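Sequence first, then the predicted structure, then my questions.
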Amino acid sequence: MSLKNIELLGILNSAVVKEFEMIPRTTKEVQLIIDSNGGITRHCRSVLSAIHQLKSYHVVTSALVIGKAHSAAFIILQACDVRRATSGADLMFHPPSILRLGKVGESLLVDERIPNHE
């Protein structure tokens with residue numbers, strides 16, 4: 001298989017993660033079509049890991065934004081080797097969020113920051 005197309009349309013979810021994880025090493029190029037508001041940071045991290053794994057097999061990753069690439073979708077776009085967008089595409093990035101849960105006096109810190117993948 002030389003080219004694999006993956007669509008990231010709508011909210012990033014586990015189905016997209018599974019598609020990335022199932023790409024065979026023999027694939028030469030992965031083309032990602034993006035029109036997404038983003039999604040859960042955990043899924044974003046999994047896709048980023050899969051993209052970096054593919055790159056270690058010399059797979060070229062490219063992305064085309066056909067509508068919007070917001071939040072986690074923007075980060076995934078930036079991880080690709082080739083990045084393109086149609087005229088009028090909307091790109092948006094924001095600082096990662098931190099959420100504190102728990103009762104007054106006790107808290108559980110949930111830090112969903114995306115690690116640096118350089």
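That came through fine.

mind listing the helices in this structure by residue range?
14-21, 41-56, 72-79 (DSSP state H).

tell me the angle the second one makes with helix 72-79.
This points to helix 41-56. Calculated by axes from the mean of the first three to the mean of the last three Cα atoms, to 10 degrees, helix 41-56 forms an angle of 20 degrees with helix 72-79.

Report the buried residues of helix 41-56.
For helix 41-56, a neighbour-count test (16 or more other Cβ atoms under 10 Å) marks T41, H43, C44, R45, S46, V47, L48, S49, A50, I51, L54 as buried. For every residue, glycine as well, the C-beta is placed using N, CA and C.

For the residue most central in space within the chain, which non-adjacent residue is closest in space?
Closest residue to the average C-alpha location of the chain: I76 at 3.2 Å, with Cα atoms, centre = their mean. Distance criterion Cβ to Cβ, 6 or more residues apart in numbering; nearest residue to I76, sequence neighbours excluded, is V47 at 5.4 Å.

Is that neighbour in contact with A15, as I believe?
No - V47 is beyond contact range of A15, at 11.3 Å (criterion: Cβ atoms under 8 Å).

low pLDDT regions in the protein?
By pLDDT under 70, the low-scoring segments of the chain are 1, 97-118.

so where do the strands sit in it?
Taking DSSP state E as the test, the strands found in the chain are 3-12, 29-39, 60-70, 82-85, 90-92, 98-101, 108-111.

I'd like these as CSV, with mean neighbour count and distance to E19 appended.
CSV is the format used below for those (neighbours: other Cβ atoms under 10 Å; distance: least, Cβ to Cβ, whole Å):
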stretch, mean neighbour count, distance to E19
strand 3-12, 16, 5
strand 29-39, 21, 10
strand 60-70, 20, 13
strand 82-85, 15, 19
strand 90-92, 13, 22
strand 98-101, 9, 28
strand 108-111, 10, 27
